[in-house]
Structures are given as C-alpha cells and as structure tokens.
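>>> fold the following, please.
(4 chains)
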Protein chains: 2
Amino acid sequence: MLLKVRNRIKEIRLTKGISQIQMAEDLQITRQTINAVENHKYNPSLELALKLMKYFNVTIDEIFTLEEE
Amino acid sequence: MLLKVRNRIKEIRLTKGISQIQMAEDLQITRQTINAVENHKYNPSLELALKLMKYFNVTIDEIFTLEEE
DNA sequence: CGGCAATGTAAAGATATCTTTACATTGCAT
DNA sequence: ATGCAATGTAAAGATATCTTTACATTGCCG
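Numbers count the residues shown, from 1 in each chain, chains lettered A, B, ... in the order given. The predicted model follows:
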C-alpha cells in the first residue's frame, strides 16, 4: 500500500484571495517553494506544513491527505 | 519569531508499549530514523509525520508543536 | 494591442531527511 | 555477573526540500 501526500494549498489560497507572492512574504519563504508545493513537485517539510496550517487557520486534514498511489 | 518543531513521539510510543524496532517494521522505515526523530536530530518529513499520526491514531497537535526558539 | 501582475519553470547549489552498515551503551532478566 | 533486547550513535551515500537567479507564459486591465 503505497501512500502519497496530496495538498489543497492552491484551493485554500485562492478562496482567501492571496497571491503566491504575498504568501511567500508572509511565511518568509520563496515564491518558488510555494509554487512547487502547490503543483506537487515535492512535499513541504513538516515545519512548513505546520506554518501553513497556522497561516490559513485550518486543520491538517483540510490541507493534506495521505492517498494511495 | 523563530519557530521550531517539537514532537512527543517517544512519549506516545512508550505509553503504547511499542519498541522502536516494531515501529520501524510497521512503518517500513529504519529504526535509526525513528531514533533520530525522537531525539530531535531532525524533523520527520510531512509524509512520515502523516503516517505517524495514522499509526498512533492521534491528531497532529498531540504529536507536533511549533514552538519559539 | 500593450503593459503589468501573477504564475510557471529551470538549473545550480545548500541543507535536510532517510538508508545502510556497524558498533557502543543501557537496562533488565536469568 | 552474563546475556539479550532495546536504544543510542556515527559515518557515508542517496534523495528530498528549499534558495537564488533568471526567464517564459498567462491573463487581465488600460
């Protein structure tokens, strides 16, 4: 049972009307990192994942899910 | 405001009476990885963090916290 | 159409995460 | 005290995550 992480960062970001640029500034990371994570180039680190939860004020389940490959 | 990830993996594991060795087998990772994470040598990846939540059947807040440095 | 903001993408380099192999230490049961 | 299971630790190597710089594409507003 192979598991893979999916995220809904882009959806959540758009519903809040925030740009990648603003997110990057707020979170003190680069825009490219946000873009890569949104487009599933790679997963965020746990640290970044926790910051995203805090930033959007959502639970982990609302952003990340472990799905079968 | 520097933030750092803390975890309670060791506490949770011990309350459930599970060894690092058994955890490693169950989660299909190495014992050294569990040991390193428990002793805060580095953070688990988001993927491993999600697997740990599922394995222990706990919420993210029960395992991980973002604390000030 | 032209300009601008937002987004997508790419490549090189730095650091983090994880594995493999191996050995040392601890603590508990016999 | 000896043996054994569990834990701690270390070093080398592989892959993942993130930054920096740079340029391309998209879409929308004037």
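
>>> low pLDDT regions in chain A?
A:1, A:69 (pLDDT under 70).

>>> in it, which spans are strands?
Per DSSP state E, chain A carries strands over the ranges A:3-7, A:64-68.

>>> need the contact partners of stretch A:45-63.
A:7-9, A:12-13, A:16, A:23, A:26-27, A:29, A:33, A:37, A:43-44, A:64, B:3-5, B:43-46, B:49-50, B:53, B:59-60, B:64, B:66 (CB atoms under 8 Å, 6 or more residues apart in numbering or on different chains). (Glycine included, C-beta is placed from N, CA and C.)

>>> is it in proximity to DNA strand D?
Yes - for stretch A:45-63, a contact with DNA strand D is found by CB under 7 Å from any atom of the strand, at A:45, A:47, A:48.

>>> please indicate which of these are buried?
A:45, A:48 (16 or more other CB atoms under 10 Å in any protein chain shown).

>>> now, which of the residues of stretch A:45-63 next to DNA strand D sits nearest DNA strand D?
Lowest distance from DNA strand D to these (CB to the nearest atom of the strand) belongs to residue A:45, with 2.9 Å.

>>> how much space between the most centrally placed residue in chain A and chain B?
Nearest residue to the geometric centre of chain A (CA atoms, centre = their mean): residue A:9, 4.0 Å. Residue A:9 sits 12 Å away from chain B, taking CB to the nearest CB, to the nearest Å as the criterion.

>>> return the most buried member of the strands of chain A.
Comparing the strands of chain A by mean neighbour count (mean count of other CB atoms under 10 Å in any protein chain shown), strand A:3-7 comes out on top with a mean of 15.

>>> please save the CA atoms from it in CSV.
Taking Å, rounded to 0.1, in the frame of the first residue of the first chain, the C-alpha atoms of strand A:3-7 are listed here in CSV:
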residue,chain,number,x,y,z
LEU,A,3,0.9,6.3,0.2
LYS,A,4,1.3,9.7,-1.3
VAL,A,5,0.7,13.2,0.1
ARG,A,6,-1.8,15.4,-1.6
ASN,A,7,-2.5,19.0,-0.7
